[in-house]
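Colleague: sequence-free structure coming up:
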């Protein structure tokens, strides 16, 4: 009983921490353009700015919503709160969380999995912040010629597909049969959408998940009837 | 960069405001880490386990962080030193920031970010567009509490389907991420990266069963081998 109470309070603590720190973080974010505009007495044409912002905001709100709804049951809300404010979700925070869960041999979405994901995302975020800080101070002019070198450039252009191997393979190997449904649906979408796939990827993800869940619900129902 | 707005884009005010936001992002990480560390010990992890998670996540994050510096260099001439530093350190991703900054610039009548000939007012407007453009997306975390509770209830329901929801969602996510690479068979670099990382993962994972200390490096090493494969193929085939 005592353990259950502690579990509940940890989840609640993470949610209230996530909400509070996200709200504070956004005050800091808004302060950057606001403080600069006020300090230098700059003039902003609000109506024109709104017409530029609105379509971008709506598009990214849908993408953000789809991303969070799909990832939350896997890496847990705590890691999502952190990933949401620190950015680079798909190429860094998600793989870091999945990698840590694999190393610790914990189930995705389990309580232990969520704990591992928070620690992994927090560590990953701090490392990125430090590296970019060094980049701003002195590293950028040194590293740019290296990353643009024709020998090295293809390697860094292909980080995402190189992440797919270690990220996808263990999941597919563990659920070979079940994997065929979502992979087939996603491949069909990729073939139909072509180059627009990338811009609507998060929305495709929700559709793939919902369709796969629907198909599995039908299969489970049939098995029960038998 | 046009001198007419560099007094804004490279100003101390912008440096301080950006630094404050970045420092708070680090504080947020610490605030999450403390109760999670305590909970980790309560549920059976040891201090050594937590160090292992921190170490492997930190090591893994170094390589994907490097291209962000390249994006910083792309944004630097147009947006100055501090605003790209803030945006790429937190909240955004290299792809988002470059795309939105370009969208903002073109909507104000400039050809591209490379034009870099803004007035201070336009520079401020670009900062506002980049910030507000992703604000709604950031706010979507406020639905997480009720969503998480509902999902936890559904997933713990009796019967086979509830227990399958998590794995299916996970597979759906992985399928969506990998589908564009799986169909891009003409892109030999991508296929080389995909296959290189997958094969090295299989081999390293097998080796880590014998040498347990290798386990925490399997993911990062597989990614690096995948990247090397892409580079080798590109250079052998002359950048196909």
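Modeller: It's in. A quick note: this is a predicted structure, and the numbers were derived from the prediction, not measured.
Colleague: For the lowest-mean-pLDDT helix or strand in chain A, report the contacting residues that lie outside it.
Modeller: Ranked by mean pLDDT, DSSP states H and E, the helix or strand of chain A with the weakest confidence is helix A:140-148, at a mean of 83. In this structure, residues lying in contact with helix A:140-148 by CB atoms under 8 Å, 6 or more residues apart in numbering or on different chains are A:135, A:152-153, A:156, B:66-67, B:69-70, B:72-73, B:76. Placement of C-beta: from N, CA and C, glycine included.
Colleague: try 10 Å
Modeller: With CB atoms under 10 Å, 6 or more residues apart in numbering or on different chains as the test, helix A:140-148 has contacts from A:131-132, A:134-135, A:152-153, A:155-157, B:66-67, B:69-70, B:72-74, B:76, B:81, B:85.
Colleague: same check, this time on stretch B:183-192
Modeller: With contact meaning CB under 10 Å, 6+ apart, stretch B:183-192 is reached by A:154-155, A:157-158, A:160-162, A:164, A:186-191, A:194, A:197, B:180-182, B:193-194, B:226-237, B:239-240.
Colleague: List the buried residues in the least confident helix or strand of chain A.
Modeller: By neighbour count on 16 or more other CB atoms under 10 Å in any protein chain shown, the buried set for helix A:140-148 is A:140, A:143-144, A:147.
Colleague: separation between the most centrally placed residue in chain B and residue A:87?
Modeller: Nearest residue to the geometric centre of chain B (CA atoms, centre = their mean): residue B:93, 5.8 Å. Per CB to CB, to the nearest Å, residue B:93 is found 5 Å from residue A:87.
Colleague: Kindly report the same for residue A:178.
Modeller: Separation of residue A:178 from residue A:87 (CB to CB): 31 Å.
Colleague: Return the residues in contact with the nearest residue to residue A:86 once chain neighbours are set aside.
Modeller: Leaving aside its sequence neighbours, residue A:86 sits nearest to residue A:125 (CB to CB, 6 or more residues apart in numbering or on different chains; 3.9 Å). Each residue near residue A:125 by CB under 10 Å, 6+ apart is listed here: A:82-83, A:85-88, A:92-93, A:96, B:25-26, B:28-29, B:32, B:57, B:61, B:89-90.
Colleague: ok, 8 Å please
Modeller: Going by CB under 8 Å, 6+ apart, residue A:125 touches A:82-83, A:86, A:93, B:25-26, B:29, B:90.
Colleague: Can you tell me which of those residues are classed as buried?
Modeller: The buried subset of those (16+ other CB under 10 Å) comprises A:82-83, A:86, A:93, B:25-26, B:29, B:90.
Colleague: Restricted to helices, list those residues.
Modeller: If you go by DSSP state H, the buried ones among the contacts of residue A:125 have A:82-83, A:86, B:25-26, B:29 in helices.
Colleague: can you tell me which two in the residues you listed are farthest apart?
Modeller: Pairwise distances across these (CB to CB) peak at 14.7 Å, for the pair A:83 and B:26.
Colleague: Nothing else from me, thank you.
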